[in-house]
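Asker: here is a sequence with its predicted model. Questions after.
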Amino acid sequence: MAAVQQLLEPVRTPARPQSINGTAHTMAVGMGLPSPPATSDITFGSSPQGGDTRMVIILYGQGQDKIVAVFAEVLGKPYRLGGGFKDVAPDDKDLVVGIPAGSANPDISSRDRASVVVINAHCTSLGMPPDVYLSAQCDYEFLYTETPFFRRDLSRFISHTLGQINHHETLMAKPRTYFISTTFPDVRAALPNIDILTVGSDAVEIRVDLLKEPLSDGSFAAIPSLSYVGEQVMLLRQRTELPIIFTTRCTKENGKFPMDNPDLYYEYLYRAIQWGVEYIDVELWLPESIRRKLYEQRGNSRIMSAFHDFSGRFKWPSKQAESIFLESRRYADIIKMIAIINDHNENFELEYFRSKIKAEYPDAPPLSAVNMGETGQFSRTLNKFFTPITHPLLPIIAAPGQLSAAEINQALALLGQLPKKDIYGISSPATRSATPQATFYEKCFNELGLPHHFAVVERQLKGTGGIESWCNQRNFGGAYLNPAISATSLTASSGFFSSLNHGAGPVLSEAARLIGMVDTIVVRPNPSGFASSAPASVPSSPPRHNGDSLGPYTSTQGGLPHNTSLVLDNASWKGILSTLTRDLAPSAYFGRAAVVLASSSDDAASALFALKALKVGKVYTVGFRTPPALAKDLVVEPFNSLESLQRARMVGADATGPGSSGAGSPFVVISALGPEKGNLVGMLVRVFGSRGSAKTRKVFLDLADGPVPRRGDPGLIAEQSGFAVYGAADVTAFTTVETLRLLVGQNVPYSFVRLASGRALF
Ligand SMILES: O=C1C[C@@](O)(C(=O)O)C[C@@H](O)[C@@H]1O
């Protein structure tokens, strides 16, 4: 009881956990770059969806029944093993049902497709390709290796195929997107460098036609077999979190795939949909029947219609160009048109085509159009949607004239389209760790070819003093705040912030508004040009710079330009969401109970928001009062006695629900309490740990853990009590990914953040 009582006592606010405050993010939007997603895009819109609710049937190979349990755990459902399709009853609706692949053949084709979704799970480590008939008949096919087993890959595969996450929506909201065209004959060669290769990319293209499958006689297959291609896709997906683009480029369009049998394209491209590949490149020359079929059968994958002209006679201002566009859009989610040109002016003709198409067909799918060759390189800097890029570490470029992300950014900077900005990490004396963060951001900017300058600066411990003096600068490009600061105090105590938007104050993203805490300040172009009405002066004495020097600013440098505005945002919740869904599909959280421990609502708010996005059931709280805005649509119950704790523990204890550990008792515990409250956190995870024969691991996220686990750490206790444990470093890295997206509009993979920031993560 003492421990619970302790909960109820007013607690002194400890330093905010590094992780939740977004320890190390920052950057700013290049003013000439299109703005990052508008505030209205930063909503639950691209957050987890309910998705496909059909019963999930897993076909498994001999001795591989374990995979059924893993699928069930990732989805957060109970499972059972059945003998065949005939055994499956309507009562199994909410289960994952495993059927041995060997018994599936007779009935798989006559299954009720409206009520069941069939996934052929095939382990490639056993050396045999999947059964050809089952591969063709199933809805999806999951290829995996037994050791190492990449749980992340399964979670991503299932979240995508069942429609619980939507990569495309997220990418559509970005102002600029790039995809890297990998050209390796064997993706294994790319894997050691995949983190660095994909910095700045939003998707990775696998050029299937360039893969070279070695044969036993030392030669290579004319066309890589489906089983070889499947394994290559699996290997790539195990190592990158980026969406994959599956391309079988034909011989006429600079590829190696033969054109004599269009059905072969269907076979490969449809299989890629079954493998859960996010983007399928479908060439426009293919018969309409094939394009239509692929479009209709695409599930949650997206079709990129592709047209290339190498003749040198293609003209953008022509009826032909328009009719190609119109034909492409019939069966496409993205339209790609690429041509060889002869004259630099044709780049401008392409831009005219782009704007004409946009004006005349506003509802058409987005257009990715560039010109090839050196003459066409300029167009690669102007295309904003799905620009194909290369990287110096690739063996060859995929098309003449391709540029890297760094080259494109450097070109934009030279052309005045990406002016140099000053980006700040605003820390407080309590969270000072300037040098490593500065190094990390410099590394990122360098890798991305961005001209910006980053500096860690220190604000006063109390109040918002000093922040406005960094923001109200001509070259201000954005900032992260660590610790985060309350949105109300930021605006209330600052004449600058409250004067923005003609006195309406700065724009708040939905997340920042509901969470109430700001950890990112984003600069956006403001077309109306009157965003900032603040005087172009520095309101207080020049702030102290921490280690890194930008030089003192004075009012002569001018204030925030009038054609820009500031958006106050929160990136931490996304970091928490990504951490929670790294090894589990969102559905694993739907409707399940959670516990959040924190010593103030400020510390808990990002976690609560993430849990809300994950549609959890009840949230038990410890140590803080949930703000009304956040409590809306959440069922919140504060723990205020041992009895309430005991009740929560017993809810659904007799259920045969997920993991048989009581579906109602808390499934996820998130703590933002510092080490001084470690005993309490440890006690709670012990209380809520999986009991008896529980098959499912619950989730524990410690937002305040240290880099090295100590004796009695809640994380260690949680591990012993059957939890999968995540910590501050995971959240910080995912939050950094989000902050970079918000501030510079560029994607830096999680794995790169982990790698480039060192083990201790800043
Ligand atoms: O379609 C494209 C674009 C591309 O051809 C280019 O020009 O960069 C490169 C190809 O790999 C990709 O599939």
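Answerer: Okay, I see it. Residues are numbered from 1 along each chain as shown.
Asker: need the three-state assignment for Phe590.
Answerer: At Phe590, secondary structure determined by DSSP: H, G, I helix; E, B strand; the rest coil is coil.
Asker: tell me the pLDDT at the closest residue to it other than its chain neighbours?
Answerer: Spatially, and ignoring its direct neighbours in sequence, Phe590 is nearest to Lys615 (4.8 Å; Cβ to Cβ, 6 or more residues apart in numbering). No exception for glycine: its C-beta is placed from N, CA and C like everyone else's. You'll see Lys615 listed with a pLDDT of 94.
Asker: against the ligand, how distant is Lys615?
Answerer: Using Cβ to the nearest ligand atom, to the nearest Å, we find Lys615 at a distance of 37 Å from the ligand.
Asker: that residue against Tyr589, yeah?
Answerer: Yes - here Lys615 reaches Tyr589: they are 6.9 Å apart, a contact under Cβ atoms under 8 Å.
Asker: more neighbours: which of these two?
Answerer: Each of Lys615 and Tyr589 has its neighbours counted (other Cβ atoms under 10 Å); Tyr589 has more, 25 against 19.
Asker: got the phi/psi numbers for the nearest residue to that one once chain neighbours are set aside?
Answerer: Spatial nearest neighbour of Tyr589, excluding adjacent residues (Cβ to Cβ, 6+ apart): Leu614 at 4.0 Å. Note on Leu614: its backbone torsions stand at phi -90, psi 10 [degrees, to the nearest 10].
Asker: what's the neighbour count on Leu614?
Answerer: Leu614 has 23 neighbouring residues, counting by other Cβ under 10 Å.
Asker: read off the pLDDT value for the residue at the greatest distance from the centre of the chain.
Answerer: Taking Cα atoms, centre = their mean, the residue of the chain most remote from its mean C-alpha position is Asp217, at 42.6 Å. pLDDT for Asp217: 96.
Asker: swap in Pro658?
Answerer: For Pro658, the predicted pLDDT is 42.
Asker: give me every residue in the stretch 201-350 of the chain lying close to the ligand.
Answerer: Counting by Cβ under 6 Å from any ligand atom, the stretch 201-350 of the chain comes close to the ligand at 205, 207, 247, 249, 281, 306, 308, 336, 338.
Asker: my read: the fourth one touches Lys256, true?
Answerer: It refers to Arg249. Yes - applying Cβ under 8 Å as the test, Arg249 and Lys256 come out as touching, 7.2 Å apart.
Asker: looking at the two, which one has more neighbours?
Answerer: Remark: of Arg249 and Lys256, Arg249 carries more neighbours, 22 against 17, as counted by other Cβ under 10 Å.
Asker: what distance do you get for the more buried one to Glu442?
Answerer: Applying Cβ to Cβ, to the nearest Å, the value for Arg249 to Glu442 is 37 Å.
Asker: swap in Arg330?
Answerer: Going from Arg330 to Glu442 by Cβ to Cβ gives 47 Å.
Asker: neighbours of the nearest residue to Gly51 once chain neighbours are set aside, just the number please.
Answerer: Of all residues not flanking Gly51 in the chain, Gly163 sits nearest, at 3.5 Å (Cβ to Cβ, 6+ apart). Neighbours of Gly163 under the rule other Cβ under 10 Å: 15.
Asker: contact partners for the nearest residue to Asn475 once chain neighbours are set aside?
Answerer: Closest residue to Asn475 apart from its sequence neighbours, by Cβ to Cβ, 6+ apart: Asp422 at 4.8 Å. Asp422 makes contact with 28, 452-455, 470, 473, 475-477, 550, according to Cβ atoms under 8 Å, 6 or more residues apart in numbering.
Asker: of the residues you listed, closest to Leu226?
Answerer: His452 (45.1 Å; Cβ to Cβ).
Asker: who touches the residue in the stretch 51-200 of the chain that the ligand sits nearest to in this structure?
Answerer: Scanning the stretch 51-200 of the chain for the residue nearest the ligand gives Ser181, at 3.5 Å (criterion: Cβ to the nearest ligand atom). The contact partners of Ser181, taken as Cβ under 8 Å, 6+ apart, are 205, 207, 247, 388-390, 394, 397-399, 402.
Asker: CSV for those, including neighbour count, pLDDT and distance to Ala104?
Answerer: Formatted as CSV, these follow (neighbours: other Cβ atoms under 10 Å; pLDDT from 0 to 100; distance: Cβ to Cβ, whole Å):
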residue, neighbour count, pLDDT, distance to Ala104
Glu205, 24, 98, 33
Arg207, 23, 98, 33
Thr247, 26, 98, 31
Pro388, 23, 98, 40
Ile389, 23, 98, 42
Thr390, 21, 98, 43
Leu394, 20, 95, 41
Ile397, 17, 96, 44
Ala398, 20, 96, 39
Ala399, 23, 96, 42
Gln402, 24, 98, 44
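Asker: which of the residues you listed fall in helices?
Answerer: Using DSSP state H, the subset of the contacts of Ser181 located in helices is empty.
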